[in-house]
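Asker: Sequence and predicted model, in that order:
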Amino acid sequence: MSGLVVAMDGPSGSGKSSASRGVARALGLRYLDTGAMYRAVTWWMLQRGVNLEDSAAVAARSAEPVLVMSTDPDAPGVTVDGVDVNGPIRGPEVTGAVSAVSAVPEVRHRLVTLQREIIAESLPGGGIVVEGRDIGTVVAPDAPVKIYLTADAEARALRRTAELDGTTVEAQKSAMARRDALDSTRKADPLAKAADAVELDTTPLDLDEVIAEVLRLVKERA
Ligand SMILES: Nc1ncnc2c1ncn2[C@@H]1O[C@H](COP(=O)(O)OP(=O)(O)O)[C@@H](O)[C@H]1O
Ligand SMILES: Nc1ccn([C@H]2C[C@H](O)[C@@H](COP(=O)(O)OP(=O)(O)O)O2)c(=O)n1
């Protein structure tokens, strides 16, 4: 029995996680947050004192962290070497370092392999909504539904600021612009819209409207 894969890509704050979880819930699918995987590896590298400026040092240890993902859209999460890291991976230290770690080809190769295994395991149960930066282009290029979410920089910064303590819209805007630039220009698997992805600008939409539009696209395409 074949299942459905919905690929959801886009920059930080475009609404990927919220929309993907909502769509997975509505369709009874699993949900995979690939950004949490890059964040968890980054947390592990920082814990071990690996010099993140040295891509060879990151590559040399990239096979060590053992990640276990929860794909329940009501309780998503990640453990690394058995440690629940769902709090720390959202902190400023990991957020500031994750682009450097995710630019290392060995890290990407390992995580893309793991992501494809998780996708394959979900198919007999109906399928999965997978969100990240390279899902429609690299991880699941055959996904029948590919969405590229965007929102303008001000809206994305406002959304992130509302989630985090002790930050301002301006600080978020510049941190997000820096991360977008690093994620977009890396050689391996850059943030890019797949040619066959549908672009959805979420700036004027609330979350329910975004979910409804994605569900409409799933109905039309899958
Ligand atoms: N369409 C929307 N309108 C307003 N706020 C939104 C919308 N989509 C998501 N949000 C809020 O914006 C924040 C970032 O959304 P998230 O789904 O984490 O984005 P991403 O995964 O792309 O970084 C969250 O607090 C979320 O509740
Ligand atoms: N498929 C993916 C997912 C995330 N990444 C990288 C790039 C991002 O800056 C970080 C963190 O991703 P995450 O989706 O958690 O970021 P946001 O929640 O959107 O701020 O990981 C990636 O390179 N490839």
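Answerer: In hand now; what should we look at? Numbering: from 1, shown residues only. Ligands and ions are numbered 1, 2, ... in the order given.

Asker: any idea which element the closest residue to residue 10 other than its chain neighbours lies in?
Answerer: In space, and not counting its chain neighbours, residue 10 is closest to residue 149: 3.6 Å by C-beta to C-beta, 6 or more residues apart in numbering. Every C-beta, even on glycine, is put in place using the N, C-alpha and C of the backbone. In this structure, residue 149 is located in strand 145-150 according to DSSP states H and E.

Asker: Send me the following helix or strand past that strand as CSV with only the CA atoms.
Answerer: Per DSSP H and E, the first helix or strand lying C-terminal to strand 145-150 is helix 153-163. Extracted in CSV, the C-alpha atoms of helix 153-163 (Å, rounded to 0.1, in the frame of the first residue of the first chain):
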residue,chain,number,x,y,z
ALA,A,153,10.3,39.4,6.6
GLU,A,154,8.4,41.7,9.0
ALA,A,155,5.6,39.1,9.5
ARG,A,156,8.1,36.3,10.1
ALA,A,157,10.1,38.3,12.6
LEU,A,158,6.9,39.4,14.4
ARG,A,159,5.8,35.7,14.7
ARG,A,160,9.2,34.6,16.1
THR,A,161,9.4,37.5,18.5
ALA,A,162,6.0,36.6,19.9
GLU,A,163,7.3,33.1,20.7
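
Asker: Which is the succeeding secondary structure element to helix 153-163?
Answerer: helix 169-185.

Asker: Is any residue of that next one near ligand 1?
Answerer: No - shown here: helix 169-185 not in contact with ligand 1 (C-beta under 6 Å from any ligand atom), separated by at least 9.2 Å.

Asker: what is the mean pLDDT for that helix?
Answerer: Across helix 169-185, the average pLDDT comes to 93.

Asker: try stretch 198-206
Answerer: Stretch 198-206 shows a mean pLDDT of 98.

Asker: Can you mark which positions in it are buried?
Answerer: Within stretch 198-206, the residues that count as buried by 16 or more other C-beta atoms under 10 Å are 198, 200, 202, 205.

Asker: Give me the residues contacting the helix or strand containing the second one.
Answerer: Right, residue 200. Assigned by DSSP H and E, residue 200 belongs to strand 198-201. Residues outside strand 198-201 that contact it (C-beta atoms under 8 Å, 6 or more residues apart in numbering): 146, 147, 148, 149, 150, 151, 152, 193, 210, 213, 214, 217.
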